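>>> Quick one: sequence and predicted model below, then my questions.
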Amino acid sequence: MLKGKAAVVTGSTSGIGLAIARGLGAAGADVMINGFGELAEIEAERAGIESEYGVRAVYNGADMSKGDEIAAMIATAEAEFGKVDILINNAGIQFVSPIEEFPLAKWDAIIAINLSAAFHATRAVVPGMKARKWGRIISTASAHSIIASPYKSAYVAAKHGVNGLMKTVALELATHGVTANCISPGYVWTPLVEKQIPETMKARGMTKEQVIHDVLLEAQPTKQFVTSEQMAALTVFLCSDAAAQLTGTNIPVDGGWTAH
Ligand code: NAD
């Protein structure tokens, strides 16, 4: 379905981003993967996408907290593939703390990686998409782009911000064949969620089991975690021609959480 398309997926060495990169590859797109981690493991993932799906996969280690590295990554993707048709702004980090104790460096890092990175990457891909009259820009936001939870001030602010950014881009590009949307998972069992469990135990004075059942799954009426593969399937749909009129939206995939 996406044969001949080229995609960049930020934060795709793990979790949701990796599943999206694999999903786009399975649909026939060439992909640039990005993110941190063990180079041998990243190379195994990259080579696996190429051999399993018969597409090109390249890795770029740009730091999503740095605007100049993001612009250089998009330029490299355009040089490697000749274009970027699909941009997935997915890199993200989390930190959980009461606001009066929230470390300043954590605020700056979350705003940079979860919000400003989407601006830098979008800004860089738009000229080519406009020229070719086709593009898909999808940002992994969160249920926290729609509602708030205590102790996540930076994350909730950044995710609400990225939703506003995608809406604005959707309007600017509406007549250029380019759509811009957010996909908003509830809780997906990935390293990002596992890492916040000790912080939430501390902030709320709970055990690990209490955090999983009384905080995480309590939010989701289905009482199940969302899977990364479900997020990938939605992303592939948004890249299809069937989704050409779907723009400026924020699609929750949260087991009914934001229906509350
Ligand atoms: P994850 O920790 O498994 O993956 C995060 C990815 O981002 C990794 O590839 C990591 O290397 C990369 N990354 C982090 N900082 C980076 C930086 N400075 N530069 C480049 N890459 C960087 O997390 P995940 O759960 O897969 O999260 C992916 C996205 O989904 C994030 O935007 C997150 O906020 C969002 N999200 C996750 C959940 C969830 O429950 N897991 C829920 C809602 C939204």
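Right, received. Where do you want to start? Numbers count the residues shown, from 1 in each chain.
>>> What separation do you get for the most centrally placed residue in the chain and Ala29?
Closest to where the C-alpha atoms of the chain average out (Cα atoms, centre = their mean) is Asn90, at 1.9 Å. Relative to Ala29, Asn90 is positioned 15 Å away (Cβ to Cβ, to the nearest Å). Placement of C-beta: from N, CA and C, glycine included.
>>> any residue of the helix ranked longest in the chain up close to the ligand?
Using DSSP state H, we find that the single longest helix of the chain is helix 153-172. No: with Cβ under 6 Å from any ligand atom as the criterion, the ligand is not reached by helix 153-172; the gap is at least 6.9 Å.
>>> How about the stretch 51-200 of the chain: which residue is closest to the ligand?
Gly92 (2.2 Å; Cβ to the nearest ligand atom).
>>> before we move on, the earlier item: the next helix or strand after the longest helix of the chain and the ligand in contact?
Next along the chain after helix 153-172, taking DSSP states H and E as the criterion, comes strand 178-185. Yes: Strand 178-185 lies within reach of the ligand by Cβ under 6 Å from any ligand atom, at Pro185.
>>> mind exporting stretch 158-168 as CSV, just the C-alpha atoms?
Only the C-alpha atoms of stretch 158-168 are listed here, as CSV (Å, rounded to 0.1, in the frame of the first residue of the first chain):
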residue,chain,number,x,y,z
ALA,A,158,3.8,19.2,25.8
LYS,A,159,1.2,16.8,24.6
HIS,A,160,-1.5,19.4,24.5
GLY,A,161,0.9,21.6,22.6
VAL,A,162,1.7,19.0,20.0
ASN,A,163,-2.1,18.6,19.4
GLY,A,164,-2.3,22.4,18.8
LEU,A,165,0.7,22.2,16.5
MET,A,166,-0.8,19.4,14.3
LYS,A,167,-4.1,21.3,14.1
THR,A,168,-2.3,24.4,12.9
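>>> Need the contact partners of it.
Outside stretch 158-168, the residues that touch it by Cβ atoms under 8 Å, 6 or more residues apart in numbering are 89, 110-111, 114-115, 118-119, 122, 137, 139, 141-142, 144-146, 180-182, 184, 248, 250.
>>> which bits of the stretch 51-200 of the chain sit near the ligand?
Counting by Cβ under 6 Å from any ligand atom, the stretch 51-200 of the chain sits next to the ligand at 63-65, 90-93, 113-114, 140, 142, 185, 187-188, 190-193.
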